[in-house]
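Colleague: Quick one, fold the following:
(chains A and B)
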Number of protein chains: 2
Amino acid sequence: MTNSTAIQDRYPDRHANCYGCGPKNPHGLHLKSFVEGDEVVCRYTPPPEYTGGVPDAVYGGMIACLFDCHSAAAACAAVLSDDEIPPRFVTASLKVDYLKPTPMGVELKLFAKAVLVKERKVIVESRLVAAGEIRATAQVVMVRLAAQ
Amino acid sequence: MTNSTAIQDRYPDRHANCYGCGPKNPHGLHLKSFVEGDEVVCRYTPPPEYTGGVPDAVYGGMIACLFDCHSAAAACAAVLSDDEIPPRFVTASLKVDYLKPTPMGVELKLFAKAVLVKERKVIVESRLVAAGEIRATAQVVMVRLAAQ
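Modeller: Purely as a prediction, here's the structure:
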């Protein structure tokens, strides 16, 4: 399935204020995740101030932010039907493995897939690719908020 | 040991540009970590735009950023002697468990301790306390950069 609307752009207003991916947060990063085939994909180029402890590498905290928001979207996509208001997932645990430095100044691509889907819990595995190499991977446990 | 100088303020210039905790990054968060007794402590109140998927809770990505930078500082403190240029640690893996929502508008306190110290690797365990309750915990594996 491919969908040209970002998952985050389907969130209801009450769940659209996330700093990382909320369309209604005027100061946020506005991350967007799209279903592409059997994965969920996010493309993002961090602004130049997001350097890490090593000046030419992306800040590890920014990478954690990307995995956090993108995993919430992938969990949502895993359970969402076309005519439903998207359920909101929140993070129960986030594990990031930083395999090698992520270079600044290039587009980062995150690929995510739900590997376990239960009624209230979805586990998402992801990888971050930059300049043709996997730089980091993540496993994230997302929990579905009760309907409001 | 208690030290009134933040660990990050002792980083050499080439390692002082981190978005989260680099004193030389004009756009960054400027997180500060201090040795207090046998722990390393960071206090921070996120600006109001750092909301998460739930509007009255702190963004999970921001919490990951806090643990990331604070753990690097705690690893540094675990090996640092008073007259040495602080070694720089980078993150090999970051695991955050989000136990309950972290409220907006209050000071967050992070407490960190090195639980394993080897020549090139330090494992740091931390907790985030807000409004008197532990909201999240982290285990972070930090790797020491080779001397430059």
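
Colleague: Does A:D56 touch A:T102 like I think?
Modeller: No: checked against CB atoms under 8 Å, the pair A:D56 and A:T102 is beyond contact range at 9.9 Å. Bear in mind the C-beta positions are built from the backbone N, C-alpha and C, glycine included.

Colleague: Between those two, which is the more surrounded one?
Modeller: Between A:D56 and A:T102, A:T102 has the larger neighbour count (other CB atoms under 10 Å in any protein chain shown), namely 25 against 12.

Colleague: Next one: that one relative to A:T51, how far apart?
Modeller: Taking CB to CB, to the nearest Å as the criterion, A:T102 is separated from A:T51 by 11 Å.

Colleague: what's the neighbour count on A:S93?
Modeller: Summarising burial for A:S93: neighbours were counted as other CB under 10 Å, giving 18.

Colleague: overlap in contacts of A:T102 and A:T51?
Modeller: Counting by CB atoms under 8 Å, 6 or more residues apart in numbering or on different chains, the residues touching both A:T102 and A:T51 are A:57-58.

Colleague: Next to chain B, which bits of chain A? Give me the list.
Modeller: Taking CB under 8 Å from any CB of the partner chain as the test, the list of chain A residues beside chain B reads A:14-15, A:17-20, A:22, A:25-28, A:49-55, A:59-62, A:64-66, A:68-69, A:72, A:88-98, A:145.

Colleague: Which positions within the helix or strand that A:V35 is a member of qualify as buried?
Modeller: Under the assignment given by DSSP states H and E, the secondary-structure element containing A:V35 is strand A:33-36. Neighbour-count burial for strand A:33-36, counted by 16 or more other CB atoms under 10 Å in any protein chain shown, picks out A:33-35.

Colleague: residues in contact with the most centrally placed residue in chain A?
Modeller: Computing the C-alpha centroid of chain A and ranking residues by CA atoms, centre = their mean puts A:H70 first, at 0.9 Å. Counting by CB under 8 Å, 6+ apart, A:H70 touches A:21, A:31, A:33, A:40, A:42, A:110, A:112, A:126.

Colleague: same deal with A:E84?
Modeller: With contacts taken as CB under 8 Å, 6+ apart, A:E84 has no neighbouring residues.

Colleague: per-residue pLDDT, it?
Modeller: The confidence metric pLDDT takes the value 78 at A:E84.

Colleague: Please report how far it lies from chain B.
Modeller: As defined by CB to the nearest CB, to the nearest Å, A:E84 lies at a distance of 17 Å from chain B.

Colleague: average pLDDT across the longest strand anywhere in chain A?
Modeller: Counting by DSSP state E, the longest strand found in chain A is strand A:133-144. Per-residue pLDDT over strand A:133-144 has a mean of 98.

Colleague: pretty sure the residue nearest to the centre of chain A belongs to a helix, no?
Modeller: Yes: the assignment for A:H70 (DSSP: H, G, I helix; E, B strand; the rest coil) places it in a helix.

Colleague: hang on, the earlier thing: return the subset of the contacts of A:H70 lying in strands.
Modeller: Cross-referencing these against strands under DSSP E gives A:33, A:40, A:42, A:110, A:112, A:126.

Colleague: Now the buried residues of strand A:33-36 in TSV, please, with extra columns for pLDDT.
Modeller: TSV is the format used below for these (pLDDT from 0 to 100):
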residue	pLDDT
A:S33	97
A:F34	97
A:V35	96
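
Colleague: Out of those, which is nearest to B:N3?
Modeller: Distance to B:N3 across the buried residues of strand A:33-36 (CB to CB) is lowest for A:S33, with 42.8 Å.

Colleague: if I pick that closest one, what's in contact with it?
Modeller: Counting by CB under 8 Å, 6+ apart, A:S33 makes contact with A:6-8, A:21, A:40-42, A:69-70, A:73-74, A:77, A:110, A:112.

Colleague: May I see the ones in strands among the contacts of A:H70 arranged in TSV, with distance to A:R135 as well?
Modeller: Shown next, in TSV, are these (distance: CB to CB, whole Å):
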residue	distance to A:R135
A:S33	18
A:V40	18
A:C42	14
A:L110	10
A:A112	15
A:S126	12
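
Colleague: No further queries at this time; thank you.
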